[in-house]
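Asker: Here's my sequence, what's the structure:
(one chain, ligands or ions: 3)
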Amino acid sequence: MNDLQIKIRDRIKAATRVLVTSHIRPDGDAIGSSLALGLALQDAGKQVQVVLSDGLPGSFRHLPGSEKVKTKADGEFDLIISVDCSDLKRVGKALDGYRPPDIVIDHHSTNEAFGELNLIDPQAAATASVLARYMHNWDLSITAPIAANLLTGLVTDTLGFRTSNTTPEVLRQAADLIELGADMTRLYYLSLVRRTFPATKYWGAGLSNLKRADGIVWTELTIADRKASGYTGNDDADLISVISSIDDADVAIIFTEQNKSKTKVSWRGLKPNVDVAQIACQFGGGGHKAAAGAEFSGSLAEAKEHVLETTLKALQLPI
Ligand code: AMP
Ligand code: MN
Ligand code: MN
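Answerer: Numbering: from 1, shown residues only. Ligands and ions are numbered 1, 2, ... in the order given. Here you go, the predicted model:
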């Protein structure tokens, strides 16, 4: 075990009250990793609060321990851990009134190492994979409920084991988690396949607006589209995964209107020579080489103008 692993183990051993948090708009890896670590720390005798600034989306309520998720921390903690989150801003309000994390565990290439101890593996397919690799070093065991959460992180961040960082290690971890009691078929269906009717109607609005120019495919989703379809989230309902399958594009982008002065932007790099995290960074966002996002300060029209221009410029530069 290296020095960092020993330090993390010792901090965990010494702690009695632990706060586990992750990023706003939590995805399957944020939720699966937080719940897995939260449950394991609880099994090790700690008092644990799992705090997600935006709470838990309904689509992940099947996960063991999901009833524990709170939107505000309460009391004092001798250990604060952030998982799957690249910077302090992305924690949202979860740490309002608290210090920055003592331990950061993540896999974003744009991670700002904002903890006291930082375990960041940008090669890892998911934070859940980092946890599955190291939890035994910290004397935390993986029970069936914990395995279900970790497998959800692996399945969702690899889009069902399809991304290029799906290594033999990830597949072995998945096999081990199945042996430990995780039901992959069910978890896969619930986190990646199942959709609501309004979400599918909302996709239709985005798909009917699809545009293409200079290797970029993009579309927009407006507040009016959400009203008309009945979709209650304020995200793209993962439409980005659908337009990412367009065969001759280099980059896919979705602009999701938040209000008059805020627009969520999601990028996916569809070719190995594209790094969308670098583009997202120019707008205060971040992510991975092939998947990145940012909260653009400006209207939908302004976001489209600036982001398309910057993305096109980035595509013309060799990397
Ligand atoms: P999304 O497009 O929201 O699905 O995000 C794609 C990837 O970019 C995920 O790994 C996110 O964690 C990351 N990401 C999204 N938005 C931001 C942001 N505002 N700042 C930093 N990273 C982000
Ligand atoms: Mn995430
Ligand atoms: Mn992740």
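Asker: can you give me the helices for the stretch 51-200 of the chain?
Answerer: Taking DSSP state H, counting those that start in this stretch to define them, one finds helices in the stretch 51-200 of the chain at 127-134, 144-157, 168-179, 184-188, 197-208.
Asker: Looking at those, which is nearest to residue 21?
Answerer: Closest approach to residue 21 among these (C-beta to C-beta): helix 127-134, 12.3 Å. All C-beta spots, glycine's among them, are computed from the backbone N, C-alpha and C.
Asker: Identify the residues contacting the residue of the stretch 101-250 of the chain found nearest ligand 2.
Answerer: Taking C-beta to the ion as the measure, the stretch 101-250 of the chain has residue 157 as its residue closest to ligand 2, at 6.8 Å. Contacts for residue 157 (C-beta atoms under 8 Å, 6 or more residues apart in numbering) come out as 27, 28, 29, 125, 126, 127, 128, 163.
Asker: for the last one, what are its contacts?
Answerer: Residue 163 is in contact with 125, 157, 290, counting by C-beta under 8 Å, 6+ apart.
Asker: Format these as TSV; extra columns: pLDDT and distance to residue 254.
Answerer: Output for the contacts of residue 163, formatted as TSV (pLDDT from 0 to 100; distance: C-beta to C-beta, whole Å):
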residue	pLDDT	distance to residue 254
125	98	22
157	97	18
290	94	15
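Asker: which one of those residues sits closest to ligand 1?
Answerer: residue 157 (7.7 Å; C-beta to the nearest ligand atom).
Asker: Which residue is the nearest non-sequential neighbour of that closest one?
Answerer: Nearest non-adjacent residue to residue 157, counting by C-beta to C-beta, 6 or more residues apart in numbering: residue 126, 3.7 Å away.
Asker: In this structure that neighbour contacts residue 153, no?
Answerer: Yes: between residue 126 and residue 153 there is a contact under C-beta atoms under 8 Å: 4.7 Å.
Asker: so who does residue 114 touch?
Answerer: Per C-beta under 8 Å, 6+ apart, neighbours of residue 114: 82, 87, 88, 100, 101, 104.
Asker: before we move on, back to that, could I get the helices of the stretch 51-200 of the chain as JSON lines with distance to ligand 1?
Answerer: Converted to JSON lines, these look like this (distance: least, C-beta to the nearest ligand atom, whole Å):
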{"stretch": "helix 127-134", "distance to ligand 1": "10"}
{"stretch": "helix 144-157", "distance to ligand 1": "8"}
{"stretch": "helix 168-179", "distance to ligand 1": "16"}
{"stretch": "helix 184-188", "distance to ligand 1": "18"}
{"stretch": "helix 197-208", "distance to ligand 1": "14"}
